[in-house]
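Chemist: take a look and give me a structure for this.
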Amino acid sequence: MLDFSEALQIAEALIKIRSITPEDRGCQTLIKEILMPLGFQCEDIPHKEAHNLWATYGRGSPVVVLAGHTDVVSADPETDWDFPPFAANTEDGYLHGRGALDMKGALAAQITAAKIFIQQHPDFQGTLAFLITSAEEGPSHMGTPIVLKHLQTIGQNLDYCLIGEPSSDTQVGDTLRVGRRGSLHGRLTLHGKAGHVAYPHLADNPIHKLGPFIHDWTQIEWDHPPEDFPATTLQITDLSTGNTMHNVIPAKVTLRFNLRFSPAITAEEIETKTLQLLEKHGLRHELSWELSGEPFLTAPGKLLNCCDKVIQHLRHIIPKRSTAGGTSDGRFIAKQCPEVVELGLCHRGIHESNECVRITDLYDLSEIYYGILKELLL
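Modeler: As a prediction, this is how the structure comes out:
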């Protein structure tokens, strides 16, 4: 019987490193110290403050990528934690610390599975690779996209990618993230005319005009998404005039908003529909957009089949498909890799105080990764 207990030791070592995004603080050095003695060729691809690592073992196809990140979100205020967030305490079967779930625990499981797989099957046909960044939680443009651009330059193809994001719901392996919604941010300013509240006929209150527009905007049926995707949604995240006076009608009002959208609509189509509505309401405006990620959806194929087979065999459950949650680096990887699946620990508790993981979940996830590597590479 294989022993996956090293996953706990690796997770503890990674959690003890205060690698708040985009800092790595030596996490990837620790990982290389494990991978290189196994025969991995490791290439550092830094960019600005971010550390990025591309590591490969073997040669040729298929190319199976294990992707993840060493950075974590802030643990402030640390006084809210029952255990110090970077001490990696273990108690009552749990490992406590920032990144235990998102995603140093999954990284530890990936590394453990890869190590055991290579020790058991050193002469497999194909390539096993790691794509690791320290910029997933923050300035993601400095991380995975930089590695992917480098891989394009050297002509490196990718066949399958398993991302260790915390995808599971209540049991490790019960959910496979097969895609993610796109994310489109915007900033809209409506212009009116300032004036005294006692003489509204001499002013033009942009807030009053904003109300009917927002009503119609939020009623738009943006798309008819695929079965695995929720419909596109619009959320207004901030509204401000900058006005500090109680008796002044403001000259302008600014709002920020975000749309999470499916593959059934493009960012350009969203922008066009919004502009058409602004024109319909006759609003003087300024509008800017920022696309932080395109949507992606992995079609059924060998990777999903392997995940299903291994999880059903080991955990005796049928994993469900999901595209819920926020963005991940899968939105970048899917542009160069035809089959991308997020499979990791349970998501409940990520980014919260007292983040922790069941130690047995680390072992279970390591075993699942090992089984999938066998299915894909043997």
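Chemist: quick one: list the elements packing against the helix or strand hosting residue 270.
Modeler: In this structure, residue 270 is located in helix 267-280 according to DSSP states H and E. For helix 267-280, the elements it packs on are strand 182-191, helix 206-218, strand 252-261, strand 285-293, judged by 3 or more Cβ pairs under 8 Å, 6 or more residues apart in numbering; DSSP states H and E. In short, each C-beta sits where N, CA and C put it, glycine included.
Chemist: by contact count, what packs against the third one?
Modeler: Identification of packing neighbours for strand 252-261 by 3+ Cβ pairs under 8 Å, 6+ apart yields strand 182-191, helix 206-218, strand 233-240, helix 267-280.
Chemist: my guess is residue 194 contacts residue 200, does it?
Modeler: No - using Cβ atoms under 8 Å, residue 194 is not in contact with residue 200, being 11.4 Å away.
Chemist: closest one to residue 35 among the helices and strands packed on helix 267-280?
Modeler: Nearest to residue 35, of all these, is strand 285-293, at 28.7 Å by Cβ to Cβ.
Chemist: which other helices and strands contact the next helix or strand after that closest one?
Modeler: Going down the chain from strand 285-293, the next helix or strand is strand 296-297, by DSSP H and E. Contact partners of strand 296-297 among helices and strands, from 3+ Cβ pairs under 8 Å, 6+ apart: strand 179-180.
Chemist: just how off-centre is the strand it packs on within its chain?
Modeler: Offset of strand 179-180 from its chain centre (Cα atoms, centre = their mean, to the nearest Å): 9 Å.
Chemist: quick check: mean pLDDT across that strand?
Modeler: For strand 179-180, mean pLDDT is 90.
Chemist: just use 10 as the starting number from now, easier for me
Modeler: Will do, 10 is the new start, and the previous item becomes strand 188-189.
Chemist: what sits up against that strand?
Modeler: 237-238, 272, 302, 304-307, 332, 334-337, 339-340, 343, 351 (Cβ atoms under 8 Å, 6 or more residues apart in numbering).
Chemist: any of those residues buried? List them.
Modeler: The neighbour count (16 or more other Cβ atoms under 10 Å) marks 237-238, 272, 302, 304-307, 332, 334, 336-337, 339-340, 343, 351 as buried among the contacts of strand 188-189.
Chemist: which two among those residues are spaced furthest apart?
Modeler: It's 237 and 302 that sit farthest apart of the buried ones among the contacts of strand 188-189, by Cβ to Cβ, at 17.1 Å.
Chemist: thought residue 363 was touching residue 90?
Modeler: Yes - using Cβ under 8 Å, residue 363 makes contact with residue 90 at a distance of 5.7 Å.
Chemist: which one of the two has more residues nearby?
Modeler: Between residue 363 and residue 90, residue 90 has the larger neighbour count (other Cβ atoms under 10 Å), namely 20 against 16.
Chemist: low-confidence ranges, the stretch 60-209 of the chain, go.
Modeler: Within the stretch 60-209 of the chain, no stretch has pLDDT under 70.
Chemist: kindly recompute the last result at 90.
Modeler: 189 (pLDDT under 90).
Chemist: now the helices for it?
Modeler: Counting by DSSP state H, counting those that start in this stretch, one finds helices in the stretch 60-209 of the chain at the ranges 113-129, 153-162.
Chemist: the shortest one - contacts with which helices or strands?
Modeler: If you count contacts as 3+ Cβ pairs under 8 Å, 6+ apart, helix 153-162 packs onto strand 61-68, strand 135-142, helix 339-342.
Chemist: go through it and flag the buried ones.
Modeler: 153-157, 160.
Chemist: what's the closest of those residues to residue 297?
Modeler: residue 154 (21.7 Å).
Chemist: anything in contact with each of residue 363 and residue 90?
Modeler: Any residue near both residue 363 and residue 90 by Cβ under 8 Å, 6+ apart counts here, and that gives residue 105.
Chemist: from the chain's centroid, how far away is stretch 363-374?
Modeler: Using Cα atoms, centre = their mean, the offset of stretch 363-374 from its chain centre is 19 Å.
Chemist: rounded mean pLDDT for that stretch, please.
Modeler: pLDDT averaged over stretch 363-374 gives 98.
Chemist: span of that stretch from start to end?
Modeler: 21 Å (Cα to Cα, to the nearest Å).
Chemist: same question for stretch 358-368.
Modeler: Terminal-residue distance, stretch 358-368 (Cα to Cα): 15 Å.
Chemist: okay, buried residues for that stretch please.
Modeler: 358-360, 363-368.
Chemist: those residues in strands, which ones?
Modeler: 365-367 (DSSP state E).
Chemist: ok, residue 352 to residue 101 distance?
Modeler: 26 Å (Cβ to Cβ, to the nearest Å).
Chemist: have a look at these two and say which one is more surrounded.
Modeler: residue 352 (28 against 8).
Chemist: surely the more buried one touches residue 187?
Modeler: No - judged on Cβ under 8 Å, residue 352 makes no contact with residue 187 at a distance of 10.1 Å.
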